[in-house]
Every structure is written in structure tokens, then in C-alpha cells.
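Asker: pasting a predicted model and its sequence here:
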Amino acid sequence: MNLLPPLSAIPRDVAAAADYPPHARVRLDDNAWAYISSGAADELTWQDNAAAFDRLRLQSRVLADVRGGHTRLELFGQTFAHPILLAPVAYQKLAHPDGELATAQAADALDAGMVVSTLASCRIEHIARQTRAPLWFQLYPQPDRAFTMDLVRRAEAAGYQALVVTVDAPIAGVRNREQRAGFHLPAGIGAVNLQGMPATPSAPLAPGESAVFDRLMTHAPTWNDIEALRSATRLPLILKGILSVQDARRALEAGADGIVVSNHGGRTLDTLASAIDALPPIADAVGDRLVVLMDGGIRRGTDVLKALALGARAVMIGRAWLYGLAAAGPLGVAHVIRLLRDELEIAMALTGCRTLADISRDLLAPAPRRD
Ligand SMILES: Cc1cc2nc3c(=O)[nH]c(=O)nc-3n(C[C@H](O)[C@H](O)[C@H](O)COP(=O)(O)O)c2cc1C
Ligand SMILES: CC(C)CC(=O)C(=O)O
């Protein structure tokens with residue numbers, strides 16, 4: 001439950017996306033904060049996602065003529081005004097009473113692609129009616145595969161234009177911060193799009209059985225499910241949560257059209273590599289055959305530029321706009337997108353890039369010698 005109503009105006013001291021978390025913190029109780037602002041276990045991967053961006057240095061390019069520049073791009077035949085998409089985030093009513101409907105309004109106002117979670121706290125059809133921005137549906141395949149296909153059909157019918165299958169979280173990570181706070185979904189907030197799903201019968205664990213291998217993972221999706229989804233939908237198929245060249249190649253073989261290089265914002269397996277460090281070899285291996293996106297740790301327009309320079313076609317942001325949502329509702333989300341987009345354009349101008357096509361690995365300065 002929110003402690004205070006969301007602000008109806010942008011706080012005066014917010015000049016950058018990273019200024020929002022303290023404003024979000026005072027508006028949320030410990031329960032919601034533990035879910036929104038945490039990572040798995042010791043949170044090393046979460047921290048490293050941002051720290052790895054901070055370690056990279058850019059190379060300026062002066063006196064370039066960038067008049068008439070823009071940030072437009074095409075992904076899967078869809079036009080985007082800029083390469084900053086809103087990552088799927090579950091249960092957004094934890095952050096704001098209007099939840100995903102508020103986020104969708106901001107996406108509409110700022111022309112930002114939005115990816116809606118299977119675990120959204122508003123109905124996917126209702127969200128689709130709130131925005132003209134490109135909408136993608138994030139799928140967590142459910143134990144009942146027929147129910148999963150019903151979800152896909154609902155998304156198609158509601159106008160979602162791509163299917164983002166999250167493959168890195170078949171079970172939740174070790175969320176110690178949530179455990180310490182006793183995190184629970186408050187009454188009235190839940191995965192409304194999963195209502196009516198047949199229950200999966202489950203006997204108590206017998207001695208010697210594992211809760212992971214003999215229960216939770218028995219219904220987890222495999223590559224066979226990806227191949228089945230590929231033949232079941234005409235929507236572009238994107239696998240979210242790829243961190244190795246091997247899995248990126250396997251995604252291509254399974255018929256995926258794109259991947260998101262991601263460690264789920266450090267919320268699944270702690271001590272995984274940072275997403276930006278994982279990106280370059282993957283982009284080199286499959287970037288000419290798959291649309292490569294990335295997320296994790298983006299808080300600045302320069303982070304977006306670095307990700308594009310290292311091979312991503314576009315990026316997704318998660319917590320950055322979620323803090324804006326908690327602090328100031330749709331206005332806060334819109335403000336964060338605007339800040340990042342403005343910062344990206346400034347960074348492009350100062351590195352001599354007129355369009356996204358001008359962004360290349362040359363924009364990264366060589367690592368300084370430390371001897
Ligand atoms: C509170 C929260 C809920 C999330 N829920 C989902 C989800 O339902 N599905 C999913 O694929 N990823 C989910 N993610 C991961 C994001 O899509 C994204 O990968 C991550 O937040 C990117 O890192 P960043 O927060 O540093 O930008 C969630 C992230 C957060 C912070
Ligand atoms: C149930 C969780 C795995 C949902 C999620 O994606 C997240 O909280 O990061």
C-alpha cells in the first residue's frame with residue numbers, strides 16, 4: 001500500500017533519473033519498496049549492472065554537422081521515435097494505484113515502446129486501450145500450456161505487436177531483501193491476467209525430494225516450448241534474459257527474431273555478469289541475424305549511447321521509470337523517459353552522431369592504462 005498519495009507534480013529537485021529513488025522511497029511502505037528496489041541475494045549483479053556502465057568512457061567527436069538529426073528507428077517493421085523502451089515490470093499497482101494504466105499513459109505521451117508483463121496488475125486489454133505507443137507482451141509460459149496459448153491469443157487480439165518470452169526466471173531468485181521484509185502482495189493487487197488458470201496439483205514433498213527439481217522446475221519451459229511458440233504465433237518472438245553467445249545462437253536456431261541481453265536487473269541469479277559486459281560478444285555473434293536489445297543498469301542517456309555503441313539496437317529500462325511512477329505517477333514516468341531521451345540526444349550531438357546509424361564502437365574510449 002502507498003503511504004502517501006503520488007505527487008501530482010514533478011519534485012523540484014529532480015534533474016536526473018537517479019534523483020527519483022528518494023522520492024519513491026517516502027511514498028512506498030517497506031513491503032512495496034522491498035519488491036521494487038532490490039536484487040537477488042547480495043545484489044552484486046544489480047550493483048554491477050550500473051557500475052559497469054560507469055566504468056566505460058566515451059570518445060567525443062567535434063565539429064560534426066548533426067543538423068536534422070533524430071533518434072528514430074525501426075524494429076520488426078515497427079517505427080519507434082527513440083530507442084528507449086519500458087521493460088516489463090510485474091504488479092505496478094505496488095508503485096502507484098493506477099499501475100500499468102499510468103505507465104501506458106506516459107508511454108503514449110513520450111512515444112515509448114512498452115512491454116507489458118504477464119504479471120501485470122491491470123488487464124492487458126485495458127492497458128492497450130490507454131496508449132497508441134508500440135506495445136509488446138512479455139510472456140511467462142504457464143504450467144498449463146493451453147492457458148499460455150490463450151494468453152498469447154488475447155495479446156494478439158488486443159494489438160500487442162511482439163511476444164517477449166522471459167527465459168531467465170523459471171523460478172524466482174534468492175530475494176533476501178524481500179524475505180527480510182516479509183514481502184507479500186497486498187489485497188487487491190495480483191496477476192489479474194492469470195485469473196481462471198487451472199491449478200497445478202502438487203503433492204507435499206516426499207523425503208529426499210527437491211522443491212526445485214521435483215516441483216518448481218517440472219513445469220519450467222524448455223527450448224521445445226520456444227519452438228512450439230514460434231510455430232503458434234506470427235508475432236515477432238524475442239527471448240529476454242540471454243547472457244551467453246551459446247544461448248544467443250540457440251535462440252536463432254529456435255526461430256527467435258530477437259533477444260534481450262539481460263540478467264533481469266540482477267533479480268534472478270546473483271553474481272551473473274553485468275548486462276553491458278555480456279553484450280559485445282553476443283552482438284558480434286548474432287547481431288546481423290537477430291535484433292539484439294539489452295537492459296540492466298541504465299540511468300543516463302550516456303548509458304543508452306554506450307549500449308547502442310556496443311551492439312544493442314535499442315534498450316529497455318526498468319527501475320529508472322518505476323521510481324518515477326512511484327514518486328509522481330504518469331508524469332514521473334514521462335519525465336524519466338524525457339530526461340533519458342534528452343541526455344541521449346546531447347550525447348549523440350557531442351559524439352558527432354546525427355542518427356542512431358552513426359553510433360558505433362568507435363565511440364568508446366580505450367580503457368585507460370593503470371600501470
Ligand atoms: C519490480 C520489478 C519487477 C519486474 N518484473 C518483471 C516481469 O514481470 N517480467 C520480466 O521479464 N522482467 C521483470 N523485471 C525485470 C525488468 O524487465 C528488467 O529486465 C530490469 O528491471 C532491467 O534492469 P533495470 O531495472 O536496472 O533497468 C522486473 C524488474 C523489477 C525491478
Ligand atoms: C515472479 C517474478 C519472477 C516476477 C519478476 O519477473 C520479478 O519480480 O522480477
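Answerer: Cool, got the structure. Ligands and ions are numbered 1, 2, ... in the order given.

Asker: dump the residue contacts of the nearest residue to residue 122 once chain neighbours are set aside.
Answerer: Of all residues not flanking residue 122 in the chain, residue 100 sits nearest, at 4.4 Å (C-beta to C-beta, 6 or more residues apart in numbering). Where C-beta positions appear, they are placed from N, C-alpha and C, glycine not excepted. Contacts for residue 100 (C-beta atoms under 8 Å, 6 or more residues apart in numbering) come out as 92-93, 116, 120-122, 127.

Asker: and what of residue 323?
Answerer: Here residue 323 is in contact with 17, 20-21, 23-24, 36-37, 332, 336 (C-beta under 8 Å, 6+ apart).

Asker: so it: helix, strand or coil?
Answerer: helix (DSSP: H, G, I helix; E, B strand; the rest coil).

Asker: what's the most centrally placed residue in the chain sitting at in phi/psi?
Answerer: With distances taken as C-alpha atoms, centre = their mean, the chain has residue 87 as the residue nearest its mean C-alpha position (2.6 Å). Dihedral angles phi and psi of residue 87 (degrees, to the nearest 10) take the values phi -70, psi 160.

Asker: contacts only, for it.
Answerer: 115, 265, 295, 316-318.

Asker: can you rerun that using 10 Å?
Answerer: 114-115, 117, 138, 164, 240, 260, 262, 264-265, 293, 295-296, 298, 315-322 (C-beta atoms under 10 Å, 6 or more residues apart in numbering).

Asker: could you find the closest non-adjacent residue to residue 170?
Answerer: In space, residue 170 is closest to residue 220, 3.6 Å off (C-beta to C-beta, 6+ apart).

Asker: distance check, that neighbour against residue 143.
Answerer: Separation of residue 220 from residue 143 (C-beta to C-beta, to the nearest Å) stands at 9 Å.

Asker: and for residue 244?
Answerer: Residue 244 is 26 Å from residue 143, by C-beta to C-beta.

Asker: next, residue 292: phi, psi?
Answerer: phi -100, psi 120.

Asker: what's the burial count for residue 26?
Answerer: 11 (other C-beta atoms under 10 Å).

Asker: just the strands in the stretch 251-371 of the chain please.
Answerer: 258-261, 291-295, 314-317 (DSSP state E, counting those that start in this stretch).

Asker: is stretch 139-147 anywhere near ligand 2?
Answerer: No. Stretch 139-147 lies out of reach of ligand 2 by C-beta under 6 Å from any ligand atom, never closer than 7.4 Å.

Asker: enumerate the residues of this structure near ligand 1.
Answerer: Going by C-beta under 6 Å from any ligand atom, the residues of the chain near ligand 1 are 35-36, 49, 87-90, 117, 119, 138, 166, 240, 262, 264-265, 267, 295-298, 317-320, 322.

Asker: apply 5 Å and report the result again.
Answerer: 36, 87-90, 117, 119, 138, 166, 262, 264-265, 295-297, 317-319 (C-beta under 5 Å from any ligand atom).

Asker: okay, and which of the residues you listed map to helices?
Answerer: 36, 319 (DSSP state H).

Asker: which among the residues of the chain next to ligand 1 end up buried?
Answerer: Among the residues of the chain next to ligand 1, those classed as buried by 16 or more other C-beta atoms under 10 Å are 36, 87-90, 117, 119, 138, 166, 262, 264-265, 295-297, 317-319.

Asker: next one: residue 136 from ligand 1, what distance?
Answerer: 11 Å (C-beta to the nearest ligand atom, to the nearest Å).

Asker: neighbours of that residue, how many?
Answerer: Count around residue 136 with other C-beta under 10 Å applied: 26.

Asker: now swap in residue 126 and tell me
Answerer: 14.

Asker: mind listing what residue 344 touches?
Answerer: Counted by C-beta under 10 Å, 6+ apart, residue 344 has contacts 71, 82-84, 300-305, 308, 315, 353, 356, 359.

Asker: next, count neighbours for residue 182.
Answerer: By other C-beta under 10 Å, neighbour count at residue 182 equals 9.

Asker: which two of the contacts of residue 344 have the greatest separation?
Answerer: 300 and 356 (16.9 Å; C-beta to C-beta).

Asker: how much space separates the closest residue to ligand 1 within the chain from residue 295?
Answerer: Among all residues of the chain, residue 318 sits closest to ligand 1, at 2.2 Å; criterion: C-beta to the nearest ligand atom. Distance, residue 318 to residue 295, using C-beta to C-beta: 6 Å.

Asker: common neighbours of the two, please.
Answerer: 49, 87-88, 115, 262, 264-265.

Asker: ok, residue 70 to residue 308 distance?
Answerer: 14 Å.

Asker: more neighbours, those two?
Answerer: Taking neighbours as other C-beta under 10 Å, residue 70 and residue 308 compare with residue 308 leading, 24 against 13.
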